[in-house]
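1. The sequence and its predicted three-dimensional model are supplied below.
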2 protein chains.
Amino acid sequence: MTSRINIALNKLNSKGIECGILLKPENIYYLTDFFPTSKAALILKENPILLVSRMDYQLAEESEVEVEVTENFGDKLNLKVKKVAVEKKYASIEFCEKHLKDKKIYDLNFIQEMRKLKDKGEIKTIKRAARITEGVIKTVEGELNGKLEREIAALAEYKIREKTELAFNAIVASDENSAIPHHQPGGKKITGKVIILDIGAKVNGYHSDITRTFFLDKEPELYPIVLEAQKAGIKECYAGNNVKNVDLATRKVIREYGYEDYFLHSTGHGIGLEIHEPPILHKKIDGTLEKGMVVTVEPGIYKDYGVRMEDMILVGSKAKLLTRMKKC
Amino acid sequence: MTSRINIALNKLNSKGIECGILLKPENIYYLTDFFPTSKAALILKENPILLVSRMDYQLAEESEVEVEVTENFGDKLNLKVKKVAVEKKYASIEFCEKHLKDKKIYDLNFIQEMRKLKDKGEIKTIKRAARITEGVIKTVEGELNGKLEREIAALAEYKIREKTELAFNAIVASDENSAIPHHQPGGKKITGKVIILDIGAKVNGYHSDITRTFFLDKEPELYPIVLEAQKAGIKECYAGNNVKNVDLATRKVIREYGYEDYFLHSTGHGIGLEIHEPPILHKKIDGTLEKGMVVTVEPGIYKDYGVRMEDMILVGSKAKLLTRMKKC
């Protein structure tokens, strides 16, 4: 059995809970090295069992955990225990009504907590994903002028896919579209004032997420402000600091320039097996930054046009940039 | 307000329920034409309100529904009502504990039921997505020999992305990899016996999903069997028939040839705003096929190598193929 599964079991036992049911694919992967592509569940108990569909058997059997193929998850998940832990943020109300009636329900949130701290292998993988993303941004940068947003998105994704998987659909947003943080690239021709590229590669399940704002003509007025805000935020990414201080720092800079109302999202998020995972870096959310966390710092200002800068940071005694590419 | 929202409201009222909370992005989009890119909720009541984050405001304000920007979903979702309907398959146990305490909870599953029957506009959009997918399969078919699986996947996705969005990551599985239904394309060189291509474009939120099995040399033994099974399944896709008969029909053919144990999944699924949505076509699931449903029929046999054929069918008095491309 993997050591992660042992740690999870010990945590469960220390709370006096007999059994856990994991349904979230990322959590199952984290504990078993098997990423479900269809229905699956990990029964976390002394002898854990991975329940999978027939379709996933070949993939699952490489895991060290005992695998059982079932076509009837319904029966298999009706466990005869009094206390059970599930991923309360993930398991549905229907699941609860079907399988957890008359049981005392605990939360398996400690798996997500474990995932916050990346080990050496995970950090190496995330770095690989970041390197690929940076390479693709550099390639695409030279192609922007005169292309459609959608063409650039297609090219960026193609370049990622040649090497690995996509972390998410590329955001390519030019001029007024750059004022929409999650703009979907469309038929707009890129002519030049500002172009936001927000892209990411995924390697072995681990995501990267990098944003650069380009300009083909003169530097946009908002550009140095966002850069200054990002720098201030990154500085706060050290172990022991409160997560909200990262957001407060970027926000302070942006406020001083009078643009706080145009900063439409939180400063960043944890990243790993999910593109957005805890911790969320927001002024209203408390928590402690710990060594081994990987977070994004991505302030942005969205007015007539938008500027956003996003890098990935490894939290240590100091903040360590996982992205290497320079900004203008 | 859209007519769909009125229909949903009437259904709610007819059950004597004051209010519904929709969280599932596809359902929100179905009723409001706004597809959330971050946290959002639709409060379904006499004057419906779309709660969105600041980031999504620009996208949301194009909807006909009243939009309210909030940074505090927690408070906004604590409604002072006794009865409330939620998407029980989607809303989490945590959501229930936080927002639905001491309320009688009903299921909003009727939205998913409404979505099963596609209107003319939806069918037209799905057809467009299918046309793009077919075009890409034809382009890619000529490139297979000697390429890596991953290169073909990248090319197929690039060709889709030039025109629209991806419905899902392309499956490109050659020789022994074709025996894994959800194989992730990797560094294997395509030399020839069998190559499964399973790809799909998405247009305005609507998915397409088409699979073809190619061979560069002689026809694989399993090929005509899967073709015969698929034909038998498609024939059953007529209004009034039980959904399970589609699966029973494909399975019967495959059983007669002695391969039932190698057919690892159900015969098909509904398709629309989600790649997999109700109805599921499986021998153990009852239900009635209705005019306007769009389903896939995709039997497969997975032994030393795999063969799968997948087309999209519009249910009517007879089955109508939405995919046009011929099979060998």
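-> It's in.

2. and chain A, what are its domains?
-> Structural domains annotated on chain A: A:3-115, A:120-321, as defined by automatic domain parsing.

3. What residues does the stretch 51-200 of chain A have near chain B?
-> Neighbours of chain B within the stretch 51-200 of chain A, by Cβ under 8 Å from any Cβ of the partner chain: A:53-59, A:71, A:86, A:88-97, A:105, A:107, A:150-151, A:153-155, A:157-158, A:161-163, A:165-166, A:169, A:179-182, A:184. Quick note: C-beta positions are derived from backbone N, CA and C, even for glycine.

4. how close does A:Gly192 sit to chain B?
-> Distance of A:Gly192 to chain B, computed by Cβ to the nearest Cβ, to the nearest Å: 22 Å.

5. Quick check, that residue in contact with A:Phe214.
-> No. Contact criterion Cβ atoms under 8 Å: A:Gly192 and A:Phe214 do not qualify, at 9.1 Å.

6. which one of the two has more residues nearby?
-> Under the criterion of other Cβ atoms under 10 Å in any protein chain shown, the comparison of A:Gly192 against A:Phe214 puts A:Phe214 first, with 20 against 16.

7. what sits against the closest residue to the more buried one other than its chain neighbours?
-> Spatial nearest neighbour of A:Phe214, chain neighbours left out: A:Ile195 (4.7 Å); criterion: Cβ to Cβ, 6 or more residues apart in numbering or on different chains. Each residue near A:Ile195 by Cβ atoms under 8 Å, 6 or more residues apart in numbering or on different chains is listed here: A:144, A:152, A:172-175, A:178, A:213-216.

8. One more: A:Gly20?
-> A:8, A:12, A:42-45, A:84-86, A:108.

9. Surely A:Tyr30 and A:Leu273 touch.
-> Yes. When contacts are counted by Cβ under 8 Å, A:Tyr30 is listed as touching A:Leu273 (6.2 Å).

10. which residues are in contact with both of these two?
-> By Cβ under 8 Å, 6+ apart, the residues touching both A:Tyr30 and A:Leu273 are A:Arg115.

11. Please identify which of those two sits among more neighbours.
-> Remark: of A:Tyr30 and A:Leu273, A:Tyr30 carries more neighbours, 24 against 21, as counted by other Cβ under 10 Å.

12. Show the pLDDT at the more buried one.
-> Looking at A:Tyr30, its pLDDT reads 98.

13. Now A:Asn145: which helix or strand?
-> Counting by DSSP states H and E, no helix or strand carries A:Asn145.

14. Now it. Nearest residue, chain neighbours left out?
-> A:Leu216 (5.8 Å).

15. What about that neighbour, how many residues nearby?
-> Neighbours of A:Leu216 (other Cβ under 10 Å): 14.

16. okay but it is in contact with A:Asp175, surely?
-> No. Assessed by Cβ under 8 Å, A:Leu216 is found out of contact with A:Asp175, at 10.8 Å.

17. hey, what's in contact with both of those two?
-> In the contact map built from Cβ under 8 Å, 6+ apart, the residues linked to both A:Leu216 and A:Asp175 are A:191-193, A:195.

18. Below-threshold pLDDT in chain A: ranges please.
-> A:1, A:328 (pLDDT under 70).

19. Show me the helices in it, by range?
-> Counting by DSSP state H, one finds helices in chain A at the ranges A:3-14, A:25-32, A:57-60, A:73-76, A:93-99, A:109-116, A:120-141, A:149-163, A:223-235, A:244-256.

20. which helices and strands sit right next to the first one?
-> Read that as helix A:3-14. On a contact count with 3 or more Cβ pairs under 8 Å, 6 or more residues apart in numbering or on different chains; DSSP states H and E, helix A:3-14 meets strand A:19-22, helix A:25-32, strand A:40-44, helix A:109-116.
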